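K.L.:
coords below, sequence missing:
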Ligand code: PMV
């Protein structure tokens, strides 16, 4: 009753922001992402007869409270499906620095969904795994399939899952994450999603989502960098406009964030294939072609306020490690 899984985080090109059901994490719009290779969470789950409670060890530290409760919710679902009652020991590690603005919950819940279902003897198919991961963190649904991934909003719980539209080797892209702040504690996405509907701009963002999704899908399938760049930057800006106009307002951008955004736009105007996208934090994901990754990293490192640059290429699906 033991299994270990590895999953990558992902970066969203068309963002998920706001739920139609916060508990089930059913989104108000579909979204798109790519998995980030080289950045990973490894999670081992062991169901044990001798445990009275679930245990969570995250980066060598025992977790209690809300973090453990969120993990136990997924384990309860797995126990119910498998007809078992054993509690579990969960040991999880990230190979990327926490606080670097890379959403670790996507990789964490994708790895947990795969490892826990397998350890309980369940053989979930990819959509079922994606739904299970989604219950822990919406974006985790997109870290189950590999490469370039679409999460369809679906009609109900079962049909809201993610699938790959192209494998990792479809397009040699890279993500250079410009880290401008490591310490600041922001409003997390679980608290942020319910605020989305308080912005008068959210209705327009959601109404226009099918157009942005189609443009993004076409741009990826056609490997049209210009089309891709303009739709992804626009989508990120629209999400941040919603965040800034929600009640309470969420301002994630800092002076260095804007400096990176301005530089990226200027570099693109000069012919460098780059664009930015920003999640619920101040750090900037700068997407480029794999062959330009080192050049873009060096240029970002030279900007005032950029403390570090992490790099990743396109990652594959969540997978099991043979114990
Ligand atoms: O999966 P969550 O609840 O952490 O939400 C992710 C929200 C964004 O990162 C801002 C956008 C996205 O689609 O990943």
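P.N.:
That came through fine. These numbers come from a predicted model, not from an experiment.

K.L.:
can we go C-alpha only for contacts and neighbour counts from here?
P.N.:
Fine.

K.L.:
List the backbone torsions phi and psi for residue 54.
P.N.:
As for residue 54, its main-chain torsions (degrees, to the nearest 10) stand at phi -70, psi 150.

K.L.:
and it, how many neighbours?
P.N.:
Applying other CA atoms under 10 Å, we find 20 residues neighbouring residue 54.

K.L.:
For it, which residues are in contact?
P.N.:
Residues near residue 54 by CA atoms under 8 Å, 6 or more residues apart in numbering: 68, 72, 87-90.

K.L.:
And it, what's its pLDDT?
P.N.:
pLDDT for residue 54: 98.

K.L.:
And for the one 4 residues further on?
P.N.:
On the pLDDT scale, residue 58 is placed at 93.

K.L.:
Number of residues surrounding it?
P.N.:
Residue 58 has 17 nearby residues by other CA under 10 Å.

K.L.:
Look up how far residue 64 lies from it.
P.N.:
Distance, residue 58 to residue 64, using CA to CA, to the nearest Å: 10 Å.

K.L.:
And for residue 80?
P.N.:
For residue 80 relative to residue 64 (CA to CA), the value is 22 Å.

K.L.:
who in the stretch 151-300 of the chain is up against the ligand?
P.N.:
189-190, 279-280 (CA under 6 Å from any ligand atom).

K.L.:
Now go through the contacts of residue 54 and say which are in strands.
P.N.:
Counting by DSSP state E, the members of the contacts of residue 54 that fall within strands are 87-90.

K.L.:
quick one: which of those is nearest to the ligand?
P.N.:
Minimum distance to the ligand across these is 20.2 Å, recorded for residue 90 (CA to the nearest ligand atom).

K.L.:
show me what contacts residue 187?
P.N.:
250, 280.

K.L.:
That one: what secondary structure?
P.N.:
coil (DSSP: H, G, I helix; E, B strand; the rest coil).

K.L.:
And it, how far from residue 212?
P.N.:
Distance from residue 187 to residue 212, by CA to CA: 26 Å.

K.L.:
hmm, which helix or strand of the chain has the shakiest average pLDDT?
P.N.:
Lowest on mean pLDDT, DSSP states H and E among the helices and strands of the chain sits helix 189-192, with a mean of 92.

K.L.:
List of residues touching the helix or strand that that one is followed by?
P.N.:
Beyond helix 189-192 on the C-terminal side, the first helix or strand identified by DSSP states H and E is helix 202-207. Helix 202-207 has contacts (CA under 8 Å, 6+ apart) with 28-29, 196-197, 238-239, 242.

K.L.:
7 Å - rerun?
P.N.:
28-29, 196, 238, 242 (CA atoms under 7 Å, 6 or more residues apart in numbering).

K.L.:
residue ranges with poor pLDDT in the stretch 151-300 of the chain?
P.N.:
Low-confidence segments of the stretch 151-300 of the chain, defined by pLDDT under 70: 183-185.

K.L.:
And the stretch 1-150 of the chain, by the same measure?
P.N.:
99-101.

K.L.:
Write out the residues of it neighbouring the ligand.
P.N.:
Residues of the stretch 1-150 of the chain lying near the ligand (CA under 6 Å from any ligand atom): 12, 15-17, 137-139.

K.L.:
which of these tops the neighbour count?
P.N.:
residue 139 (32 neighbours).

K.L.:
And it, its phi and psi?
P.N.:
Torsion angles, degrees, to the nearest 10, at residue 139: phi -70, psi -20.

K.L.:
distance of it from residue 289?
P.N.:
24 Å.

K.L.:
pretty sure residue 110 contacts residue 5?
P.N.:
No. At 8.6 Å, residue 110 and residue 5 do not qualify as touching, with contact defined as CA atoms under 7 Å.

K.L.:
Neighbour count for the two, which is higher?
P.N.:
residue 110 (36 against 25).

K.L.:
other SSEs contacting the host helix or strand of the more buried one?
P.N.:
Element membership for residue 110 (DSSP H and E) is helix 104-119. Packing partners of helix 104-119 (3 or more CA pairs under 7 Å, 6 or more residues apart in numbering; DSSP states H and E): strand 2-7, strand 41-48, helix 66-82, helix 126-136.

K.L.:
Buried residues of the longest one, list them for me.
P.N.:
Judged by neighbour count using 16 or more other CA atoms under 10 Å, the buried positions of helix 66-82 are 68, 71-72, 74-79.

K.L.:
ok, now the first one?
P.N.:
Of the residues in strand 2-7, 2-7 count as buried by neighbour count, 16+ other CA under 10 Å.

K.L.:
so residue 242 sits right up against residue 195, yeah?
P.N.:
No. Contact between residue 242 and residue 195 fails when scored by CA under 7 Å: they sit 9.2 Å apart.

K.L.:
who has more neighbours, those two?
P.N.:
With neighbours defined as other CA under 10 Å, residue 242 and residue 195 compare such that residue 242 has more, 25 against 22.

K.L.:
What is the helix or strand harbouring the more buried one packed up against?
P.N.:
Using DSSP H and E, residue 242 sits in helix 225-244. Contacts defined by 3+ CA pairs under 7 Å, 6+ apart place helix 225-244 against strand 10-14, helix 209-222, strand 274-277.
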